[in-house]
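Visitor: okay, sequence plus prediction incoming.
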Amino acid sequence: MERTLAILKPDCQQKKLTGKVIDAILAAGFNIIGLKMLVLKREQVEAFYEVHRGKPFYVRLIDFMLEGPVLVAVLEKNDAVQAWRKLMGCTNPADAETGTIRHAWAETVSRNIVHGSDAVETAEKEITFFFSKSELL
Ligand code: IDP
Ligand code: MG
């Protein structure tokens, strides 16, 4: 079965939405096969978001991800990468469809509650970035 990486970003914890988001993930039929809470280090966030370096929102994105703890999770399901992106909704909550996590709970494009991998290959890289094999079910 396909796997993808989810991050419950600092605003998710700040707004006490962790339970609701995990519930939405389980209700959508994903298996959570890895989960941990981390306080990320600046070098880690910069490496994770390397692809966005130099973009206008980059500095704000890095600072935001350092505001507090995140939950990183590995989700498993058929077509997990696309299914998780669909459940998250568009990057900008103003464009996100009803029934998506970002539509329901995200404030702005920069504070948008969750991360999801954008392709199967990226997902495998992002999973390896945070989890060793022995940490996954
Ligand atoms: P994604 O999270 O939906 O895959 P990306 O384009 O990969 O979106 O951007 C990564 C993260 O950077 C977004 O989730 C959001 O937090 C932030 N971001 C992206 N575009 C903007 C923007 O135009 N303004 C502010 N923040 C942005
Ligand atoms: Mg992305």
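Guide: Structure received. Ligands and ions are numbered 1, 2, ... in the order given.

Visitor: ok, for Lys77, nearest residue in space, not its chain neighbours?
Guide: Using CB to CB, 6 or more residues apart in numbering and skipping residues adjacent in sequence, the residue nearest Lys77 is Phe30, 4.7 Å away. Heads up, the C-betas are built off the backbone N, CA and C, glycines and all.

Visitor: that neighbour and Glu2: what is the separation?
Guide: Counting by CB to CB, to the nearest Å, the separation of Phe30 from Glu2 is 10 Å.

Visitor: hmm, the helix or strand containing His115 touching ligand 1?
Guide: Using DSSP states H and E, His115 sits within strand 114-116. Yes. Using CB under 6 Å from any ligand atom, strand 114-116 comes into contact with ligand 1 via His115.

Visitor: so for Phe30 and Glu2, which sits in the more crowded spot?
Guide: Phe30 (23 against 16; other CB atoms under 10 Å).

Visitor: for the more buried one, phi and psi?
Guide: Backbone torsions for Phe30, taken as degrees, to the nearest 10, come to phi -80, psi 150.

Visitor: contacts only, for it.
Guide: Leu75, Glu76, Lys77, Ala80, Ala83, Trp84 (CB atoms under 8 Å, 6 or more residues apart in numbering).

Visitor: please apply the same query to Arg102.
Guide: Met88, Gly89, Cys90, Thr91, Asn92, Pro93, Ala96, Asn112, Ile113, Val114.

Visitor: up against ligand 1, what does the chain have?
Guide: His52, Phe57, Leu61, Thr91, Val109, Ser110, Asn112, His115, Asp118.

Visitor: quick one on the thing from earlier: closest one of the contacts of Phe30 to ligand 1?
Guide: Of all the contacts of Phe30, ligand 1 sits closest to Trp84, with 10.5 Å by CB to the nearest ligand atom.

Visitor: circling back: list residues touching both of Phe30 and Glu2?
Guide: Contacts common to Phe30 and Glu2, judged by CB under 8 Å, 6+ apart, are Glu76, Lys77, Ala80.
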